[in-house]
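Peer 1: please work out how this folds:
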Amino acid sequence: MAYIGKEPAYGAYEKQSLTADSSTTTFTLNYVVGSSSSIFVSVAGVPQEPEVAYNISGGGTQITFTAAPTTGDTVFIIFLGVALDVATLGTAAFTGQTELTSVADDDLLLIYDTDAGVIKKIQKSNLDTSLDINGKTDLGTEPASADEFVIYDADAGTIKKVAYSYINPSLTYTNGTFTGDGSTTTITINSGRAVNDVLVHVNGFLLVPTDDYTISGTTLTFTTAPTSSAEISVRYLPLAGASSYTNDTATGDGSTTGFTINSGRSVEDVIVSVNGITLVPTTDYTISGTTLTFTTAPTSLAEISIRYLRLT
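Peer 2: Okay, here's the model as predicted:
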């Protein structure tokens, strides 16, 4: 079914690099974000905890760090899913044209069939004439969340309405924090979660799904209990849509730099960690086809984790 405006994109992950100078704490973002949990932030290879290491300011246009990143530190942001704006439908193209105040039974309307790439005609009999748009003005602004669009369902042969939320979906990002005590191996998390759709950090180190923790219901169980006073962060990745997250693991041997990964991937839509340290896309690794190549070969027995972010 066709969309009015731009089709929503769930996998448009984008990266922004920042230049640290040991004094600047506030930087302008390339995209407007809704909350501090809507982005993944890395400083010197260490993931930063939302609302602790940084906050979002300026109405979602800026990131403000609690402490200024040090000069020379590699700082980057991955936007966890960029929802594209809906285009405003204007009337400029129809300037000077006479408006049809009513539609006769034998009138034909012209539409552009995006699938076939041609203009086609549609008979009045195929339209739901109970929807009267004659003389209505252009909205001129972004629709409200409760607004609905009118579309033609080619499969059913009728006009239908579609909620604005389907055209401009709202992706929800949440974060949970906990503290280790040296003995407890379980924590309670949000329901409906699997090991691959949460990012779990302990003292800034990214854990490996299944190897370092498992999830059953609302219980996350660590293979080894986090140490006393350890900072535990659980980042919940968005679940809108039918596709799921996946994860690959490998072991370094001190010399191999190339590893086979899933096809159709780029450096921006995977999170790669070695022994818990998150690597920097392009700087620490590149991707060509199904091959991920490290700039420096991971050391012998190094634990490699490749987290695939959603594309749809």
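
Peer 1: what ranges do the strands span in the stretch 51-200 of the chain?
Peer 2: Taking DSSP state E, counting those that start in this stretch as the criterion, the stretch 51-200 of the chain contains strands spanning 54-57, 62-65, 74-79, 108-113, 118-123, 148-153, 158-163, 174-179, 186-188, 198-202.

Peer 1: quick check: mean pLDDT of the second one?
Peer 2: Think strand 62-65. Regarding strand 62-65, the rounded mean pLDDT is 94.

Peer 1: cool, stretch 19-28 as well?
Peer 2: Stretch 19-28 comes out at a mean pLDDT of 94.

Peer 1: contacts for it, please.
Peer 2: 18, 43, 57-58, 61-73, 75 (C-beta atoms under 8 Å, 6 or more residues apart in numbering). Quick note: C-beta positions are derived from backbone N, CA and C, even for glycine.

Peer 1: what's the local residue count around the nearest residue to residue 235 once chain neighbours are set aside?
Peer 2: Residue nearest to residue 235 in three dimensions, not counting chain neighbours: residue 199, with 3.9 Å by C-beta to C-beta, 6 or more residues apart in numbering. Look at residue 199: counted by other C-beta atoms under 10 Å, it has 22 neighbours.

Peer 1: for residue 199, give me its contacts.
Peer 2: Contacts of residue 199 by C-beta under 8 Å, 6+ apart are 40, 47, 206, 233-235, 237, 271, 307.

Peer 1: name the member of these with the most neighbours.
Peer 2: Going by other C-beta under 10 Å, residue 206 tops the contacts of residue 199 with 25 neighbours.

Peer 1: so it makes contact with residue 279?
Peer 2: No: look at residue 206 against residue 279 with C-beta atoms under 8 Å: they stay out of range, at 10.0 Å.

Peer 1: which neighbours do those two share?
Peer 2: In contact with both residue 206 and residue 279: residue 273, using C-beta under 8 Å, 6+ apart.

Peer 1: tell me, how many residues neighbour the closest residue to residue 231 other than its chain neighbours?
Peer 2: Excluding the flanking residues, the one nearest residue 231 by C-beta to C-beta, 6+ apart is residue 203, at 5.6 Å. Residues lying near residue 203 (other C-beta under 10 Å) number 14.

Peer 1: brilliant, that's me finished.
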